[in-house]
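Asker: Fold the following, please.
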Amino acid sequence: MDGRTPVSAVRRVQELAVNGFDPPAAYIVKDSGTGPVVDTLLSVPVIDLSILTSSSTSSKEKEEEMEKLRSALVSWGLFQVVGHGIPIELLDDVREVAKEFFDLSMAEKKRVSGVSEDGTVDDLEGYGADSIFTKDHVLDWADRLYLLVKPQDQRKLKYWPQKPNNFRELLHEYSTKSSMVAETIVKKMTELLGLEENHFISLYGDQAIEYARFNYYPPCSRPDLVYGIKAHTDGGGITMLLQDKEVEGLQVLKDGQWIKVPILPHALVVNIADQMEIMSNGIFKSPMHRAVTNSEKERMSLVIFYSLHYNDEIEPASALINETTPRLFRKVTVRDYLSVFYPNYLKGERAIGWAKV
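Answerer: Numbers count the residues shown, from 1 in each chain. Modelled structure (predicted):
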């Protein structure tokens, strides 16, 4: 439905790592990606959402925090959020339940796999590794648990693990609370554009798509040649990431240089995705980002993707178009955009140019 038709599945990366195998050729990145990794005085922006939502915050404080948010959206397209209101205990519980799931036996994990025993990919949801879509695309050094969260009536519960026992409850609770955070952020973004508060929120509607993806990155013997996730942008509206509490790995491309995203244990990482860059007429940026591997330590994360429904149309808000700021993007359906996005994603290239006027 979303433009991805895998040829076949591959062996779980966790199996390769446990058995001590060097990464097969399919995982080796021949080009290290655009730009060097640098130690820089630049720091990934941190936004305190409580300053923007509290009635006790002064107007001056709110103005300053909104300016920080504007700068983050325009210059980075990625930032960390604190003061989001999600209990620390819940964040830790979600991390722990993810670890418990990936620590289960392979047989137990395969009970929620969308891949048949013969390697045929029946469904992209469920537990699995990177699937083979083309003969020459580079595979990610990651195993995943990929689940549709919303619309709730379309959840495929056969892929929602029953072990650990509290998995389903925790994912539901976390996704519900993170959706509220995402909605607040989108409203503040809309305000910065001078649009009516619910302009973007109203576009999402009851059929908006929300996916959760648990990522597991085993240790890799060749972190210099293999990525956990190759360089890419996201094809949705916005993305929210709960990082590993101890092991870094996320990097964002800014001004031709790869910048490490540091760990703030109780923060959420938010990045703008392609749909929002289109709807903001290019004002907000959808950044290239990637995950690197570690030779000694495993790493985990949880990503929530927020997207309009496949049948919805996306285009720049009309209020953002005038003689001095012309339209940059055409009107396209989400389905058509994703059909172009995924082939480009597999090649580590941006797709958004396809939607330009």
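
Asker: ok, now how distant is Glu313 from Ala208?
Answerer: Distance of Glu313 to Ala208, given as Cβ to Cβ, to the nearest Å: 14 Å. For every residue, glycine as well, the C-beta is placed using N, CA and C.

Asker: So if I had to pick from these two, which one is more boxed in?
Answerer: Ala208 (18 against 13; other Cβ atoms under 10 Å).

Asker: Gln80 reaches Val44, doesn't it?
Answerer: Yes: between Gln80 and Val44 there is a contact at 6.0 Å, judged by Cβ atoms under 8 Å.

Asker: all strands of the stretch 101-250 of the chain, in order?
Answerer: For the stretch 101-250 of the chain, the strands defined by DSSP state E, counting those that start in this stretch cover 126-129, 143-150, 209-217, 227-232, 238-242, 250-254.

Asker: quick one: which of these is nearest Glu63?
Answerer: strand 238-242 (22.9 Å; Cβ to Cβ).

Asker: Now the closest one - C-alpha only, PDB.
Answerer: Provided in PDB are the C-alpha atoms of strand 238-242 (Å, rounded to 0.1, in the frame of the first residue of the first chain):
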ATOM      1  CA  ILE A 238       7.000  14.300  11.800                       C
ATOM      2  CA  THR A 239       8.900  11.600  13.600                       C
ATOM      3  CA  MET A 240       9.500  11.100  17.300                       C
ATOM      4  CA  LEU A 241      12.400   9.000  18.700                       C
ATOM      5  CA  LEU A 242      13.100   7.600  22.100                       C
END
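
Asker: Just the residues contacting that strand, thanks.
Answerer: 91, 94-95, 178, 181-182, 185-186, 250, 268-273, 276, 301-306 (Cβ atoms under 8 Å, 6 or more residues apart in numbering).

Asker: rerun that using 7 Å as the cut-off
Answerer: With Cβ atoms under 7 Å, 6 or more residues apart in numbering as the test, strand 238-242 has contacts from 91, 94, 178, 182, 185-186, 268-273, 276, 301-306.

Asker: Restricted to strands, list these.
Answerer: Leu268, Val269, Val270, Asn271, Ile272, Ser301, Leu302, Val303, Ile304, Phe305, Tyr306 (DSSP state E).

Asker: so the fourth one makes contact with Leu73?
Answerer: Going back to what we said before, that points to Asn271. No: shown here, Asn271 and Leu73 do not form a contact pair, counting by Cβ atoms under 7 Å, at 10.1 Å.

Asker: okay, and the common contacts of the two?
Answerer: In contact with both Asn271 and Leu73: no residue, using Cβ under 7 Å, 6+ apart.

Asker: that older thread, which among the strands of the stretch 101-250 of the chain is found nearest to Phe284?
Answerer: strand 238-242 (9.4 Å).
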